[in-house]
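Engineer: Generate a structure from the sequence data that follows.
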Amino acid sequence: MSRMRVHKLFRKTRFFFFALFGLIVISVSVLSITTVSRELSDEYESNSRSIAQNIADSSVDILLNRNLATLQSLIDQFVQIESIRYIYITSETGEFLAHTFVPGIPDEILASDASSTATVERSLPGLGDFIEVGAPILSGVAGTVHVGMDLELLGLKIQRAIGAQMALFGIIFVIGSLLTFWFVNLASQPLADLLAFAVRMAGGESATGDEPVLSRDDEAGELARLFMHVNRRAAGADREP
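Structural biologist: This is a model prediction of the structure:
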């Protein structure tokens, strides 16, 4: 009964620590998810743009010689990179010089502005969702390179990165919660001993000096010694005529 009452006393304390720790973990998790998603997306786009610029730099001489077979071979090599799903090169007039689409160029690509190098997200029927970046060839006078990167692969990378962090946060939350309960129970133990000591004295038992709570040098021990002193004085007063 005494232990139950002490637990009730610390019930709000346990709930407060649990809620506080949970709020910290959730806040850090949300911040981490947002940061990881943004950083990976920016890195993905930056790498895509670097690849597009590399292709643009490599294709200058090929375009000047109008060697379209070599140009096709060049982009076929780059499309072997895991994240790249398509590449196409257009001339300064918008003519498609080389591409990796099979069997043909999607209508959305055909209807787009071939000279634009802005980053766009595309959803191509039968192919999936992509983020497309462009790079000009000789500042655009020789054409434009367009590289499409797979958004599904980006999503998987983000999920793996976030999943690993969420697993870590989950472990920290469980361990922290268990430690919170352990510390609260540890803090409630002196009060439980003090309450049991007070109940025994109230029940008429004589107080002895070998009680564990009497040897404590904290507030619980001071209160126990005070209870024992009051109990002895009360007992002495009862014996007086």
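
Engineer: Next, the buried residues of the lengthiest strand in the chain.
Structural biologist: Taking DSSP state E as the criterion, the chain has its longest strand at strand 128-137. Within strand 128-137, the residues that qualify as buried by neighbour count (16 or more other C-beta atoms under 10 Å) are Phe130, Ile131, Glu132, Val133, Gly134, Ala135, Pro136, Ile137. Using the backbone N, CA and C atoms, a C-beta is placed for each residue, glycine as well.

Engineer: Dump the residues you listed to TSV, plus distance to Leu168 and pLDDT.
Structural biologist: Listed next are these as TSV, based on distance: C-beta to C-beta, whole Å; pLDDT from 0 to 100:
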residue	distance to Leu168	pLDDT
Phe130	31	88
Ile131	29	87
Glu132	34	89
Val133	33	90
Gly134	38	89
Ala135	38	90
Pro136	43	90
Ile137	45	88
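
Engineer: For the longest strand of the chain, give me every contacting residue.
Structural biologist: Under the contact criterion C-beta atoms under 8 Å, 6 or more residues apart in numbering, strand 128-137 has outside partners 44-45, 48-49, 52-53, 55-56, 59-60, 63, 85-86, 89, 116-124, 143-152, 154.

Engineer: ok, the buried residues of strand 128-137 vs Thr93, which is closest?
Structural biologist: Checking the buried residues of strand 128-137 against Thr93 by C-beta to C-beta gives Ile137 as the nearest, at 12.8 Å.

Engineer: What's opposite that closest one in the beta bridge?
Structural biologist: Taking DSSP bridges, one finds Gly143 as the beta-bridge partners of Ile137.

Engineer: just to revisit the earlier point, which among the contacts of strand 128-137 end up buried?
Structural biologist: By the neighbour-count criterion of 16+ other C-beta under 10 Å, the contacts of strand 128-137 include these buried positions: 44, 48-49, 52-53, 55-56, 59, 63, 85-86, 89, 117, 122, 124, 143-151, 154.

Engineer: quick one: which of these sit in helices?
Structural biologist: Tyr44, Ser48, Arg49, Ala52, Gln53, Ile55, Ala56, Leu63, Leu151, Leu154 (DSSP state H).

Engineer: possible to save those as a markdown table with pLDDT and distance to Ser27?
Structural biologist: Compiled in a markdown table, those are given as follows (pLDDT from 0 to 100; distance: C-beta to C-beta, whole Å):
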| residue | pLDDT | distance to Ser27 |
| --- | --- | --- |
| Tyr44 | 79 | 26 |
| Ser48 | 83 | 32 |
| Arg49 | 86 | 33 |
| Ala52 | 88 | 38 |
| Gln53 | 88 | 39 |
| Ile55 | 87 | 43 |
| Ala56 | 87 | 43 |
| Leu63 | 79 | 53 |
| Leu151 | 81 | 28 |
| Leu154 | 76 | 25 |
